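1. Return atomic coordinates for the entry below.
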Amino acid sequence: MNNFAQHHLDLLLRDAKVVPAVNQIQCHPYFTQQPLAAYCEKLGIAVEAWSPLGGTGGNLLDDPVLKKLATKYAKSAAQIVLRWDLQRGIITIPKSTHQARIIANTDIYGFELSKDDMKTINDLNQNLKPYPAGWDPDTIDF
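-> Okay, the predicted model is just below:
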């Protein structure tokens, strides 16, 4: 399933016999979805991030805080974000068609972000509008 907010999960679980295994939601440092991720964890639902690097046309990877952390850890801003997801327990499958980026995106296991740096990234949250182009699970006409 994807894009289920807490109220969608509550409604589903009123009648469902099986708890969903995964909830794929938009999730990145500008839209951390921390309360929803915590709720899913409480229910035993894994969270998978879509648009984990901020999406096309975004400027997340140019964020000065992420760039500073990238320098500190000798990594790219994308690697910092992917490591942040990993340490939060978020399943992340970044999309790229560039071989060098695909290889770099897997190089996130040889370091760990400090607790303070995790908080710094969490604090970038802006609760941006979660759904592009009007695709909102509360208003879409199925």
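2. and stretch 20-30, average pLDDT?
-> Across stretch 20-30, pLDDT averages out at 93.
3. Which stretches in the chain count as helices?
-> 6-15, 34-43, 64-73, 77-88, 99-105, 115-122 (DSSP state H).
4. so which of these is the most packed in?
-> helix 77-88 (a mean of 22; mean count of other C-beta atoms under 10 Å). Every residue, glycine included, has its C-beta placed from N, CA and C.
5. Any idea how far it is from the middle of the chain?
-> 9 Å (C-alpha atoms, centre = their mean, to the nearest Å).
6. and it, what other elements does it pack with?
-> Where contact means 3 or more C-beta pairs under 8 Å, 6 or more residues apart in numbering; DSSP states H and E, helix 77-88 is packed against helix 64-73, strand 91-92, helix 99-105, helix 115-122.
7. Can you give me the distance of the residue positioned nearest the centre of the chain to G58?
-> Centroid-nearest residue in the chain, with C-alpha atoms, centre = their mean: C27, separated by 2.9 Å. Using C-beta to C-beta, to the nearest Å, we find C27 at a distance of 13 Å from G58.
8. same question, T97
-> 17 Å.
9. Between the two, which is the more surrounded one?
-> The neighbour comparison of T97 against G58 (other C-beta atoms under 10 Å) goes to G58, with 14 against 6.
10. so what pLDDT did that one get?
-> 71.
11. again, but for the one 4 residues further on
-> For D62, the pLDDT comes out at 95.
12. which one is it nearest to, not counting chain neighbours?
-> A77 (7.5 Å; C-beta to C-beta, 6 or more residues apart in numbering).
13. quick one: contacts for the one you found?
-> Residues near A77 by C-beta atoms under 8 Å, 6 or more residues apart in numbering: 60-63, 66-67, 69-70.
14. Could you list the low-pLDDT ranges of the chain?
-> 1, 56-57, 129-136, 140-142 (pLDDT under 70).
15. Show residues contacting stretch 4-20.
-> Residues contacting stretch 4-20 (C-beta under 8 Å, 6+ apart): 1, 23, 25, 35-36, 39-40, 43-45, 137-138.
16. what do you get if the cut-off is 10 Å, keeping everything else the same?
-> For stretch 4-20, contacts defined as C-beta atoms under 10 Å, 6 or more residues apart in numbering pick out 1-2, 23-25, 33, 35-36, 38-40, 43-46, 130, 136-138.
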